[in-house]
Each structure stands twice: as structure tokens, then as C-alpha cells.
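*Asks:* would you be able to build a 3D model of this:
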Amino acid sequence: MAKGITRERIVAAALELLNEKGMDGITVRALAGRLEVQAPALYWHVRNKQELLDEMSTVVMRRVTHALATIPQSAGWRDDLVAYARILRAEYLRHRDGARIFSGTRIADPDVVKAKEPWLARFTAAGFTLAEADDATDLVTAFVVGFVIEEQERTQSADPARYSLAGRDAWLGEGAELVKAAGHLRDDGDRRFERHLGIVLDGLAARQGH
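*Replies:* Model (predicted):
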């Protein structure tokens, strides 16, 4: 085992590498080079890239649970979900491809998973069944992941012309005036996020009758 190499150091270096090169730039060779060790030394701590991504995602979710724990208990389930969604998005945006590393990962720290216990208790006390409470959390999580993946793809694009509305309008040609107009209405960022989140929560409220 390489002296001084710990799982925590590996994950911290991987997050640095993520910010510099994106998710596709995270390789065992690149990570070993950053830590100045031979690649086999890393396998004492993480067996493969998926396990590394699990650990990186766990760090992000640990920060989310800690941030949620500092917020005073809200007046209701909707405020809880709004706080969760905003914190989750903010944590993903701290890292290049932050939302991409979460997709398909498994949390590696049981304490992070257990932090969901009081959350589910509050929701069931508010009238949700356990399945409905879990669905609500999963739905908001999926919304945030998808929203931020798209958000980061657009903001991190190396080609400034890729999302040019003028170029898109010319490419569409005639017979798509509503499609063109809708494209010009797009307001990426916080306002769009809050509006879409509101639609998701309105749907949950209507379904639950709250």
C-alpha cells in the first residue's frame, strides 16, 4: 500500500481532476499521476472507476445532508423539498459535470443514507404514505440531476456558437415560428430552475391533495 494514500485523498484528488478535465478525464492513470503513485496503489482503496464515482458522489451527498441539517425545520413538506432541491443543485454546480457523477452511483456511507430517516418521518407525519414520501424525494432528485446535467452541458460547452439562437433559427428555416419563439423565451439558470421545480411540486401537491 502506498504510504500516505488514503481513500479521502483519492476522492479529493478525483474531484480536483473532475473540475479540470470533466468526468471523461477521470481515469486511473490520470488520478495516479496527480497523486504521484503507480496506478496499482489506488486499487487498495477503490477497485474500479464506478467505486470511485460512488465515493465522489457520497462526498457530495454528505455535504447536502450536512447543509440540510443546519436549516431550521420548515413549516411543511413543500418547503423541505424546495430546500433540498436548491442545496442539491448548488452542490452539483460546485463541480464540473457534478450532476453526471451522481447518475447511477450508490452512496458508500451508511450515515448519509440514514440521514433520510427523519426526513421520511416528517413526510409520513404530514400524511404521505412511506412509498409516496420516497417517490417525492426520488422525483425531486431526478429532476435536479436532469436539470443540472443539461445546465452544465450548456454552460460548459467549449463552442460558444453551439447554442446560438440566431444559428438555430437559420438552421430551422421556414415553418417553425413557434419553435423559434419558444427558443428565445428560454431563460436558463435560477429562474428556470425555480419555475420547473414549482411545476414538479404542484404536481405532487395535486396528487396528494395537500
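
*Asks:* so which elements touch the lowest-mean-pLDDT helix or strand in the chain?
*Replies:* Lowest by mean pLDDT, DSSP states H and E among the helices and strands of the chain is helix 39-42, with a mean of 80. If contacts are counted by 3 or more CB pairs under 8 Å, 6 or more residues apart in numbering; DSSP states H and E, helix 39-42 sits against helix 28-35. Just so you know, the C-beta spots here come from the backbone N, C-alpha and C atoms, and that holds for glycine as well.

*Asks:* in the helix it packs on, what counts as buried?
*Replies:* 30-32, 35 (16 or more other CB atoms under 10 Å).

*Asks:* swap in stretch 150-159?
*Replies:* Buried-residue list, stretch 150-159, by 16+ other CB under 10 Å: 151-152.

*Asks:* what about it, how long is it end to end?
*Replies:* 15 Å (CA to CA, to the nearest Å).

*Asks:* residues contacting that stretch, please?
*Replies:* 22, 92-93, 96-100, 163, 188-189, 193 (CB atoms under 8 Å, 6 or more residues apart in numbering).

*Asks:* for stretch 193-208, same thing?
*Replies:* Against stretch 193-208 from outside (CB under 8 Å, 6+ apart): 78, 81-82, 85, 89, 127-128, 132, 136, 139-140, 143, 147, 151.

*Asks:* TSV please, covering the buried residues of helix 28-35 and showing pLDDT.
*Replies:* Shown next, in TSV, are the buried residues of helix 28-35 (pLDDT from 0 to 100):
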residue	pLDDT
Ala30	89
Leu31	90
Ala32	87
Leu35	90
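
*Asks:* in TSV: the residues you listed, plus distance to Ala206.
*Replies:* Formatted as TSV, the buried residues of helix 28-35 follow (distance: CB to CB, whole Å):
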residue	distance to Ala206
Ala30	48
Leu31	47
Ala32	52
Leu35	51
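
*Asks:* which one among those residues gets closest to Thr58?
*Replies:* Leu31 (16.7 Å; CB to CB).

*Asks:* okay, now the unreliable bits of the chain?
*Replies:* For the chain, applying pLDDT under 70 flags the ranges 1-3, 74, 209-210.

*Asks:* how about the strands in it?
*Replies:* For the chain, no strands are identified by DSSP state E.

*Asks:* quick one on the thing from earlier: just the ones in helices from the contacts of stretch 150-159, please.
*Replies:* 92-93, 98-100, 193 (DSSP state H).

*Asks:* narrow the residues you listed to just the buried residues.
*Replies:* Applying 16+ other CB under 10 Å to the ones in helices among the contacts of stretch 150-159, the neighbour count classes 92, 98-100, 193 as buried.

*Asks:* distance of the residue nearest to Ala13 when sequence neighbours are not counted relative to Gly25?
*Replies:* Distance criterion CB to CB, 6 or more residues apart in numbering; nearest residue to Ala13, sequence neighbours excluded, is Arg34 at 4.9 Å. Arg34 sits at a distance of 11 Å from Gly25 (criterion: CB to CB, to the nearest Å).
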